[in-house]
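1. structure for this input, please:
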Amino acid sequence: MQFLTLATAFLSATMTVTVMASHTPLSKRDTTVTFCDKDEQGLCGGNCKTVTSGPACVPASNTACLKASANVAFCANGDCTDCNNFSSCGTKLADGFCATPATKSILISA
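-> Model (predicted):
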């Protein structure tokens, strides 16, 4: 009988954790983008910045490559226009980076 009580308590706690995990706050859905100014021999590097944000237009002049935790758009203009999707990367680099020459801004959507 004691085993059944412990098993029931364990299952109840597991179910509670599962339900709580499915309701993550919006801040947990932010996208992290790392972008750098050099793409050399398939490696992204040089001066790099990392931004974690919800929906935003991130200034990113001189960006040569980037990677992101979710789909973002890399844009030819500073106001997040004339963009291409990270998920459609034409030239993939090492460690999940994408070549994004002439990028001036990065659009992070909801």
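2. show me where pLDDT drops low in this protein?
-> Applying pLDDT under 70 to the chain flags the ranges 1-28.
3. contacting residues for the residue sitting nearest the centre point of the chain?
-> Centroid-nearest residue in the chain: residue 69, 2.1 Å away (criterion: C-alpha atoms, centre = their mean). Each residue near residue 69 by C-beta atoms under 8 Å, 6 or more residues apart in numbering is listed here: 31, 32, 33. In short, each C-beta sits where N, CA and C put it, glycine included.
4. can you give me the helices for this protein?
-> 2-21 (DSSP state H).
5. phi, psi for the residue nearest to the centre of the chain please.
-> Here is the backbone geometry of residue 69 (degrees, to the nearest 10): phi -80, psi -10.
6. separation between it and residue 58?
-> 14 Å (C-beta to C-beta, to the nearest Å).
7. overlap of the contact sets of these two?
-> In contact with both residue 69 and residue 58: residue 33, using C-beta under 8 Å, 6+ apart.
8. looking at this structure, which strand is longest?
-> In the chain, with assignment by DSSP state E, the single longest strand is strand 56-68.
9. please enumerate residues in contact with that strand?
-> For strand 56-68, contacts defined as C-beta under 8 Å, 6+ apart pick out 31-39, 44, 46, 49, 51, 72, 74, 78-80, 86, 93, 95-101, 103-108.
10. just the buried residues of these.
-> 31, 33-37, 39, 44, 51, 72, 74, 80, 86, 93, 97-100, 103-108 (16 or more other C-beta atoms under 10 Å).
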